[in-house]
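A.B. asks: Quick one: sequence and predicted model below, then my questions.
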Amino acid sequence: MDELTTESRNNGTLVESVMATIRHRIAARVLTPGARLPSIRAFAKSMQVSKSTVVDAYERLAAEGDIRSRPGSGYYAAGPIAPLSLAEIGPRLDRAVDPLWVSRQSLEAGEDVLKPGCGWLPASWMPEGGLRRALRTVARADAATLADYGTPLGLPPLRHLLTRRLAAQGIDASPEQIMLTESDTQAIDLLCRFLLEPGDAVLVDDPCYFNFHALLRAHRVKVVGVPYTPSGPDIELFAQALAEHGPRLYITNSAIHNPTGAILSPVVAHRLLKLADQSGLTIIEDDIFADFEHTPAPRLAAFDGLDRVVYIGSFSKTLSASIRCGFIAAPRRWMEGLTDLKIATSFGNGRLASELVLTLLKDGLYRKHMDLLRARLSRAMAETTNRLRAIGITPWIDQPAGMFLWCSLPEGMDAADIARYALSANIVLAPGNAFSLSQSASRFMRFNVAQSSDERIFRTLEAAMARCD
């Protein structure tokens, strides 16, 4: 029997079992483009299924373009050759802990998998009733709203509302300086396209949000890490990196840092901006967690007046990851160029998502939802902190705002080993080196307190630590 048959049978029908085995062989390059597949009779025997099952599987694979049928000759693997898929070849537990490790595990996880390492709130914490009401409201909109492209800058009423929200944080941005995007990630990608050339140097915090690493690698730039402290980046090392690498850009979270939960201090903020002005550095301030904070923190964009600082945000963490709506607040002189680039890369803006967010922000639901959410996160933060301390895992900062706890393991333990062990128990953790460019966070781990209420998480952590001790 083929080695994948048993696993595949557990995940679907016999036909799907045969299809999965063929796809695996193609991904592993056992079957290269143009290679002839086993005969129906021979493959049915090796898989211990009927010939009709193999016929159905081959026909479906041919319909989906994975293989090709040659009448009178048989079936052949389609071409051209696809990029080598390590994810298909290697077992899940052997995947490298790289910037995409946590995202892959979390996004691919089934409903039975616990995700204390993921970066979002449980669906049950989101305002489901308000979302349904907003959907019904938008469903009654005119035909253009439901079916037409939005303008490149995005829905004007939402941009006007964002102007007022930003003013409350001390950021002066007119609606013409705000561009709506499909997400926070798209905002960063668009800005990187606008500001960078391959080979440019970009500064990031070490540790920082792992997708910064992945995005910047996609843009083929040189990424330079600067150690992060509880009050912001290490200023002396930041200045040293500026002098040594001449970076074009610095990407950071200021209000609530991901993954550490640290908050930028006013002193460090002013020194950062002074260094940026002296060196011609542009700063992208990613403030996606802004609405989780209890006390307003310094905003680089407020101090700078949107001169060298670009401010971005999103509602995926607070309202719904399915409603893709983010924004950029940028200097006026950039807006025409950004608009042209937006048209070239994504044409118009998604009107439905913008209308949904606008509806939710206008009816007062969002403010009430965030008040309840902050209180709930505070309780979860205290509970998770106590449970982690009880098993020897120490938070880096006491009681940070938001959803993340950045924690250190006992001396000598590797978070990647703990994470792989936990994955075998259907628990996705976030090992520190996924966030660290210098790979200096092997003893650290990020916990999402909103996803950490299940007792199995802590039992598994204890067992993994005992095994690694």
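C.D. replies: Sure thing, it's come through.
A.B. asks: contacts, neighbours, all on C-alpha from now
C.D. replies: Will do.
A.B. asks: so who does E182 touch?
C.D. replies: E182 makes contacts with R324, C325, G326, F327, N349, G350, as judged by Cα atoms under 8 Å, 6 or more residues apart in numbering.
A.B. asks: What is the nearest of the residues you listed to V202?
C.D. replies: Minimum distance to V202 across those is 21.4 Å, recorded for F327 (Cα to Cα).
A.B. asks: So that closest one versus Q177, what's the distance?
C.D. replies: Look at F327 and Q177: by Cα to Cα, to the nearest Å, they are 10 Å apart.
A.B. asks: Looking at those two, which has the bigger crowd around it?
C.D. replies: For F327 versus Q177, neighbours defined as other Cα atoms under 10 Å are more numerous around F327 (25 against 20).
A.B. asks: what helix or strand does the more buried one sit in?
C.D. replies: Per DSSP states H and E: F327 is located in strand 326-329.
A.B. asks: Look up phi and psi at L361.
C.D. replies: Main-chain torsions, L361, degrees, to the nearest 10: phi -70, psi -30.
A.B. asks: Next, the contact list for it, please.
C.D. replies: If you count contacts by Cα under 8 Å, 6+ apart, L361 has them with R367.
A.B. asks: Just the terminal-to-terminal distance for stretch 112-119.
C.D. replies: The straight-line separation of the ends of stretch 112-119 (Cα to Cα) is 17 Å.
A.B. asks: With stretch 324-341 instead?
C.D. replies: Using Cα to Cα, the span of stretch 324-341 from its first residue to its last is 19 Å.
A.B. asks: Give the next helix or strand downstream of the helix ranked longest in the chain.
C.D. replies: The longest helix of the chain (DSSP state H) is helix 365-390. Helices and strands here follow DSSP H and E; after helix 365-390, the next one along the chain is strand 394-395.
A.B. asks: contacting residues around that following strand?
C.D. replies: Strand 394-395 has contacts (Cα under 8 Å, 6+ apart) with T385, L388, R389, L405, W406, C407, S408, L409.
A.B. asks: Please identify the pairing partners of that strand and their relative orientation?
C.D. replies: Strand 394-395 pairs in its sheet with strand 404-408 (antiparallel), by DSSP bridges.
A.B. asks: Mind pulling up the pLDDT for the residue nearest to D291 when sequence neighbours are not counted?
C.D. replies: Computed as Cα to Cα, 6 or more residues apart in numbering, the closest residue to D291 that is not its neighbour in sequence is M370, at 7.2 Å. Each residue has a pLDDT score; the one for M370 is 94.
A.B. asks: Going forward, the N-terminal residue is numbered 410.
C.D. replies: Shifting the count to begin at 410 puts that one at M779.
A.B. asks: if we can go back for a sec, closest to H703 out of the contacts of strand 803-804?
C.D. replies: Nearest to H703 among the contacts of strand 803-804 is L814, at 16.0 Å by Cα to Cα.
A.B. asks: shouldn't the residue nearest to D700 be in contact with F701?
C.D. replies: Yes. Counting by Cα atoms under 8 Å, F701 is a contact partner of M779 at 7.4 Å.
A.B. asks: More neighbours: which of those two?
C.D. replies: A count of neighbours by other Cα under 10 Å puts F701 above the other of M779 and F701, at 21 against 18.
A.B. asks: Which residue ranges of the stretch 610-759 of the chain form strands?
C.D. replies: Here the stretch 610-759 of the chain has its strands, by DSSP state E, counting those that start in this stretch, at 610-615, 631-638, 641-642, 658-661, 691-695, 718-723, 735-738.
A.B. asks: Of all the ones you listed, which one is nearest D465?
C.D. replies: strand 735-738 (44.3 Å).
A.B. asks: which residues are contacting that closest one?
C.D. replies: Strand 735-738 is contacted from outside by 582, 586-593, 596, 715, 719-725, using Cα under 8 Å, 6+ apart.
A.B. asks: host element of the nearest residue to A548 once chain neighbours are set aside?
C.D. replies: Among residues not flanking A548 along the chain, L555 sits closest, at 7.5 Å (Cα to Cα, 6+ apart). Using DSSP H and E, L555 sits within helix 552-556.
A.B. asks: following that helix, which helix or strand shows up next?
C.D. replies: Next along from helix 552-556, by DSSP H and E: helix 565-576.
A.B. asks: buried residues in that following helix?
C.D. replies: For helix 565-576, burial by neighbour count (16 or more other Cα atoms under 10 Å) applies to P565, L567, R568, L571, T572, R573, L575.
A.B. asks: mind showing which ranges of the stretch 560-709 of the chain have poor pLDDT?
C.D. replies: Along the stretch 560-709 of the chain, no part satisfies pLDDT under 70.
A.B. asks: One more pass at 90, please.
C.D. replies: Counting by pLDDT under 90, the stretch 560-709 of the chain contains low-confidence residues at 619, 623, 663-664, 703-707.
A.B. asks: what is the orientation angle of the longest helix of the chain with strand 813-817?
C.D. replies: 20 degrees (axes from the mean of the first three to the mean of the last three Cα atoms, to 10 degrees).
A.B. asks: burial measure for A548, as a count.
C.D. replies: Neighbours of A548 under the rule other Cα under 10 Å: 14.
A.B. asks: Next, the buried residues of the helix holding L555.
C.D. replies: By neighbour count with 16+ other Cα under 10 Å, helix 552-556 contains the buried residues T554.
A.B. asks: How about stretch 662-681?
C.D. replies: Residues of stretch 662-681 classed as buried by neighbour count (16+ other Cα under 10 Å): 662-675, 677-678, 681.
A.B. asks: Thank you, goodbye.
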